[in-house]
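could you look at this predicted model? Sequence included:
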Amino acid sequence: MSRIRSAILASLAADSLSLGAHWEYDQTRIARQLGRVADLLPPTLNDYHTGKGAGAQSHYGDQALLLLRSVTAKGSFDLADFAARWHGLMEGGYTGYMDKASREALANFRSGRPPEQTGAATNDFAGAARMAPLLAVLGNDEEGLVNAARAQTLMTHGSPVIADGAEFMARSTAALLRGDDMRAAFDHAARTRYAALPVEDWLAFADMSLNEETPAAIARFGQSCGMQGAFLGVVHIALKHEADPATGLVDNVMAGGDSCARGLAVGMLFGARHGLGWMPERWLAPLSARAEIEAALDTLEA
């Protein structure tokens, strides 16, 4: 369970680490105003996350925590339970940022659609990126993990390529938990036939970037929320910084753009690869949700 615990903690810690610079696209401005972001900071560069402090989660991370609460309460993944919790949070005056995918999915809930049909017409990576809590109940069941990852993604993000991306990340993480290194894990996940994900082309493209500095590579891939740029960025960071994951997560922040979504995914991969012990305590001690995460995992391990 140590690798699973690490994957979930690292996913949420990476999201919180990214919060201070989230959705700032000017890499020079991040460096000038924040320096090299190696600590959890409040969001001060824009007003997307107004009211959140250092150690908080982005709106993506808040939804990952909601997924953790659901699997802890049920002892398994239950789409209906997660959907009810998500709908309740969003209808109940959620004070975090409401992105376009959430607004559209909420409208679909209000129209009476079942959670299998509420996904927004978006190719944003974030729906797939929040999946780490599923590992707590499905980390040793690759096919179950894949099915749950796809289902929780499609509830809010209806694009087939996002569901395929969730499956790729799930299969990669399952392989890491079994002891594969990052390259072997990605090769394992790439053996699946995906309807919408051009996995061989994207992996090859990411491979060609490994001699570049991470901020430059991500600027070239695209820093925004869309699936292609985010997928390439996550794969680049995971491969380039496999031996030094903490540096990789800091470089992710310095690359700018949608660093929270990338961080959720690559944090999960690094945690599954390396287990406990590599994350700086300065990321974990101020993490607002740490006690809740640890308590949930203790409950599921009992």
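Arrived safely, thanks for sending.

could you check how far residue 61 is from residue 237?
For residue 61, the distance to residue 237 equals 18 Å [CB to CB, to the nearest Å]. All C-beta atoms are positioned from the backbone trio N, CA, C, and that covers glycine.

same thing with residue 205?
Distance of residue 205 to residue 237, computed by CB to CB: 14 Å.

these two: which is more packed in?
residue 237 (29 against 16; other CB atoms under 10 Å).

OK, contacts around the more buried one?
214, 248, 249, 251, 252, 262, 266 (CB atoms under 8 Å, 6 or more residues apart in numbering).

distance from the chain centre to stretch 219-235, please.
How far stretch 219-235 lies from its chain's middle: 13 Å, per CA atoms, centre = their mean, to the nearest Å.

in that stretch, what's buried?
Residues 219, 221-235 are the ones in stretch 219-235 that count as buried (16 or more other CB atoms under 10 Å).

for those residues, which one is nearest residue 5?
residue 234 (20.9 Å; CB to CB).

quick check: that closest one touching residue 268?
No. The pair residue 234 / residue 268 is not scored as a contact, 9.5 Å apart, by CB atoms under 8 Å.

contact partners for the nearest residue to residue 78 once chain neighbours are set aside?
Nearest residue to residue 78 in three dimensions, chain neighbours excluded: residue 70, at 6.7 Å (CB to CB, 6 or more residues apart in numbering). Residues in contact with residue 70, defined by CB under 8 Å, 6+ apart, are 77, 78, 81, 82, 85, 133.

neighbour-wise, give me the winner out of these.
Within the contacts of residue 70, neighbour counts (other CB under 10 Å) peak at residue 133, which reaches 32 neighbours.

which residues are in contact with it?
Residues counted as contacts of residue 133 (CB under 8 Å, 6+ apart) are 8, 64, 65, 67, 68, 70, 71.

ok, residue 147 to residue 114 distance?
Per CB to CB, residue 147 is found 16 Å from residue 114.

ok, the two, which is more surrounded?
Neighbour tally, residue 147 and residue 114, criterion other CB under 10 Å: the higher count belongs to residue 147, 17 against 12.

where does that one sit, in terms of helix or strand?
Here residue 147, judged by DSSP states H and E, is contained in helix 142-154.

show me which residues of that helix are buried.
The neighbour-count check on helix 142-154 (16+ other CB under 10 Å) flags 142, 144, 145, 146, 147, 148, 149, 150, 151, 152, 153, 154 as buried.

from the middle of its chain, how far away would it be?
With CA atoms, centre = their mean, you get 14 Å for helix 142-154.

hmm, who's touching the host helix or strand of residue 219?
Per DSSP H and E, residue 219 falls inside helix 214-221. Residues outside helix 214-221 that contact it (CB under 8 Å, 6+ apart): 27, 209, 212, 228-229, 232-233, 236-237, 240-241, 248, 251-252, 254-257, 262.

same thing but at 10 Å, please
For helix 214-221, contacts defined as CB atoms under 10 Å, 6 or more residues apart in numbering pick out 25, 27-28, 30-31, 202, 205-206, 208-213, 223, 228-237, 240-241, 247-248, 250-259, 262.

avg pLDDT for it?
Here helix 214-221 scores 98 as its mean pLDDT.

and if you look at stretch 9-17?
Mean predicted lDDT for stretch 9-17 stands at 98.

repeat that for stretch 287-302.
Averaged across stretch 287-302, the pLDDT comes to 95.

and if you look at stretch 47-65?
98.

put the alpha carbons of that stretch into CSV.
Extracted in CSV, the C-alpha atoms of stretch 47-65 (Å, rounded to 0.1, in the frame of the first residue of the first chain):
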residue,chain,number,x,y,z
ASP,A,47,-7.9,35.7,-9.6
TYR,A,48,-9.0,32.2,-10.7
HIS,A,49,-8.5,30.8,-7.2
THR,A,50,-9.3,33.8,-5.0
GLY,A,51,-9.8,32.9,-1.4
LYS,A,52,-7.5,29.8,-1.4
GLY,A,53,-4.4,29.8,0.7
ALA,A,54,-1.1,28.0,0.6
GLY,A,55,-1.7,24.3,1.0
ALA,A,56,-5.1,24.3,-0.6
GLN,A,57,-6.2,22.4,-3.7
SER,A,58,-7.2,23.7,-7.1
HIS,A,59,-10.8,23.0,-8.2
TYR,A,60,-9.4,19.8,-9.8
GLY,A,61,-7.8,18.8,-6.5
ASP,A,62,-11.1,19.5,-4.7
GLN,A,63,-12.8,17.0,-7.0
ALA,A,64,-10.1,14.5,-6.5
LEU,A,65,-10.7,14.8,-2.7
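
what residues sit buried inside it?
Within stretch 47-65, the residues scored as buried using 16+ other CB under 10 Å are 48-49, 52, 55-65.
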